[in-house]
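Student: could you look at this predicted model? Sequence included:
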Amino acid sequence: MPIAEELELAAQPMQFEAGDELPPEYRKLLTTLFYHHAEVLTPTLAYERFIRHLVDVGMEMAPDAEAKLRLANFYAEEIRHGYLFAKLYTAIDPDLPGQILEASGLTRGMTAEDPGTSPFAQAIEDWIDLSLFNFLIDGEGCWQISEWETSSYAPLARIAGQVSRDERGHSNMGYLHLKRAVQKDPAAHKVAQGRLYDKWYPVALDTFGRSESSRNLAYRRWSLKRRSNEDLRQDFVAHVNPMLERLGFELPPYQHNRHFL
């Protein structure tokens with residue numbers, strides 16, 4: 001059933017522009033949305049350090065020059081995303097990027113030192129980890145960001161389509177790298193199976209958030225998102241599961257190692 005029939009909408013697509021006076025609840029939800037995506041989208045030292053870590057691992061472990069070129073393009077696009085979203089944040093509040101950084105704790109280490117449940121706190125140790133990260137976590141990002149293409153905040157809606165397409169490209173890159181690695185080497189397939197089963201697949205599903213989320217309902221009412229967390233998660237699963245099964249992977253039960261159901 002379309003959201004318009006499920007909810008009494010408080011805002012319409014692209015209703016608010018930068019500089020408009022925002023309703024208090026709407027402003028709070030919008031900045032909360034930014035906060036929860038700060039790991040990928042805020043161009044802070046911590047963000048740049050994390051992206052550099054991904055590229056450093058990749059450049060060291062990449063099997064050929066073509067893979068290195070893909071990673072260089074990935075790095076450039078991620079830095080561009082950070083720039084675009086920084087401009088978006090500062091149009092609401094010049095101090096907002098710094099506030100997000102402080103509130104989210106991104107000044108801490110973002111690899112093995114801070115395990116947690118965030119995909120950005122998982123260890124990226126080698127080519128297998130990076131390939132799974134790009135395929136699943138960038139893929140999840142594509143699903144999330146595509147929700148903003150009809151956002152009621154027009155500046156967000158205008159950039160969401162291109163950013164979502166970039167993230168889909170990063171996910172496709174990860175799948176290509178994973179496919180080539182595991183098809184050439186049975187030992188690599190075994191390593192990837194364990195990492196997929198116990199770490200990356202559950203983390204990717206958790207990243208969509210809780211199925212029964214009152215905040216998601218509020219986002220949808222204000223037209224900041226269109227679908228529920230579980231609807232997005234199920235759509236994502238329907239897309240990635242056949243791709244993983246074609247590579248001969250066994251998928252974990254839906255609730256295996258999950259924290260946000």
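Tutor: Perfect, I can see it now.
Student: determine the longest helix present in this structure.
Tutor: Longest among the helix segments of the chain by residue count, using DSSP state H, is helix 154-184.
Student: make sure residue 210 is actually in contact with residue 233.
Tutor: No. Using CB atoms under 8 Å, residue 210 makes no contact with residue 233, being 10.2 Å away. Where you see a C-beta, it was placed from the backbone N, CA and C, and this is true even at glycine.
Student: okay, those two: which has more neighbours?
Tutor: A count of neighbours by other CB atoms under 10 Å puts residue 233 above the other of residue 210 and residue 233, at 22 against 14.
Student: can you pull the pLDDT of that one?
Tutor: The model reports residue 233 with a pLDDT of 97.
Student: repeat for residue 78
Tutor: pLDDT recorded at residue 78 is 89.
Student: what number of residues lie near residue 90?
Tutor: For residue 90, the neighbour count with other CB under 10 Å is 14.
Student: if we can go back for a sec, next, the buried residues of the longest helix of the chain.
Tutor: Using 16 or more other CB atoms under 10 Å as the burial criterion, the residues of helix 154-184 that qualify are 155-157, 159-160, 163-164, 166-178, 180-182.
Student: which strands or helices does that helix pack on?
Tutor: With contacts taken as 3 or more CB pairs under 8 Å, 6 or more residues apart in numbering; DSSP states H and E, helix 154-184 sits against helix 65-92, helix 127-132, helix 138-146, helix 186-195.
Student: a markdown table for these, including distance to residue 25?
Tutor: Formatted as a markdown table, the helices and strands packed on helix 154-184 follow (distance: least, CB to CB, whole Å):
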| stretch | distance to residue 25 |
| --- | --- |
| helix 65-92 | 15 |
| helix 127-132 | 38 |
| helix 138-146 | 21 |
| helix 186-195 | 41 |
